[in-house]
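J.: Quick check, what structure comes out for this input:
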Amino acid sequence: MNGLLHIVISNGGFTVVLIAAVSMAALTVAIERAWRLMPLAKRFDARWAATSDAILRGGVAHAAPGKSDAMGRVLAAGLAVRQRGSEIVRIVALDAAQREVAGLERGLGVLMVTAQVAPLLGLLGTVVGLIEAFQAASAPGVSVTPGLLSGGLSKALGTTVAGLWVAIPAYLAYGGFSGLAGRLIAQLEHAATTLPTLLQTVPEARAPAERTAK
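T.: From the prediction side, this is the model:
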């Protein structure tokens, strides 16, 4: 393994530098997304539970979801228009949830591009390496032997290995974080659609027309 890594680094040339650059970008995004997204599922559940409990126990006036995270902003947006009826609450809360999608999915494009570009850069390096190997073998006075060709081919294929080393983890990270972001978005949308039903149990949160109809 160490021998292969040495061949890739020492003979990859500028292509390996490009692969290393995109790999660092993908690694930075993966670390940032893990730090940002992984704690949010429990935080969203806790925020929703605290807000719904406050509404049921003490009324809407005691609900203070705050705006420090996406769930708090969605709930705050819905509660701000509670006097205008449950349908308006649902629409406004869902709109607020949709505005949070971009933030939850930020950086995932970098992982996908890395997964697609890294193998292409590796292939480019392989083609360039093959051209150089065959040019060296065709030089006047050079005796072409199987060892000469196999050595050149192994060096050229090293860049393909480097590209796959980067592409496979980047694609796995993209799949994992996109799935996590999807589950977080589903939590926000569930809260947005459930909030109007919850407010229906609190008379003070109903619109005047709804209270009159009751």
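J.: switch to C-alpha atoms for all contacts and neighbour counts from now on
T.: Will do.
J.: packing partners for the helix ranked longest in the chain?
T.: In the chain, assigned by DSSP state H, the helix with the most residues is helix 146-200. Other helices and strands packing on helix 146-200, by 3 or more Cα pairs under 8 Å, 6 or more residues apart in numbering; DSSP states H and E, are helix 2-11, helix 14-37, helix 40-58, helix 70-80, helix 86-99, helix 101-104, helix 108-137.
J.: next one: that helix to chain centre, how far?
T.: Helix 146-200 sits 8 Å away from the centroid of its parent chain (Cα atoms, centre = their mean, to the nearest Å).
J.: Just the mean pLDDT for that helix, thanks.
T.: Confidence for helix 146-200, expressed as mean pLDDT, is 87.
J.: how much space between V17 and V92?
T.: Counting by Cα to Cα, to the nearest Å, the gap from V17 to V92 is 48 Å.
J.: neighbour-wise, which of these two wins?
T.: A count of neighbours by other Cα atoms under 10 Å puts V92 above the other of V17 and V92, at 22 against 13.
J.: residues contacting the closest residue in space to that one that isn't next to it in sequence?
T.: Nearest residue to V92 in three dimensions, chain neighbours excluded: G78, at 5.8 Å (Cα to Cα, 6 or more residues apart in numbering). Neighbouring residues of G78 by Cα atoms under 8 Å, 6 or more residues apart in numbering: 89-90, 92-93, 192, 195.
J.: Pick the one among those closest to G175.
T.: A192 (25.8 Å; Cα to Cα).
J.: Count residues in the vicinity of that closest one, would you?
T.: Per other Cα under 10 Å, the neighbour tally for A192 reads 25.
J.: and the residue nearest to it when sequence neighbours are not counted, how far is that from M71?
T.: Distances taken as Cα to Cα, 6+ apart put A93 closest to A192, at 4.9 Å, once the chain neighbours are dropped. Counting by Cα to Cα, the gap from A93 to M71 is 10 Å.
J.: Next: L188.
T.: Counting by Cα to Cα, the gap from L188 to M71 is 6 Å.
J.: Just want to know which of the two has more residues nearby.
T.: Shown here are L188 and M71; by other Cα under 10 Å, M71 has more neighbours (31 against 28).
J.: check contacts around the more buried one.
T.: Shown in contact with M71 (Cα under 8 Å, 6+ apart): 44, 47-48, 188, 191.
J.: rerun that using 6 Å as the cut-off
T.: For M71, the contacting residues are F44, by Cα atoms under 6 Å, 6 or more residues apart in numbering.
J.: how near is it to A77?
T.: As for M71, its distance to A77 is 10 Å (criterion: Cα to Cα).
J.: same check, this time on A46
T.: Taken as Cα to Cα, the span from A46 to A77 is 18 Å.
J.: That concludes my questions; thank you for your assistance.
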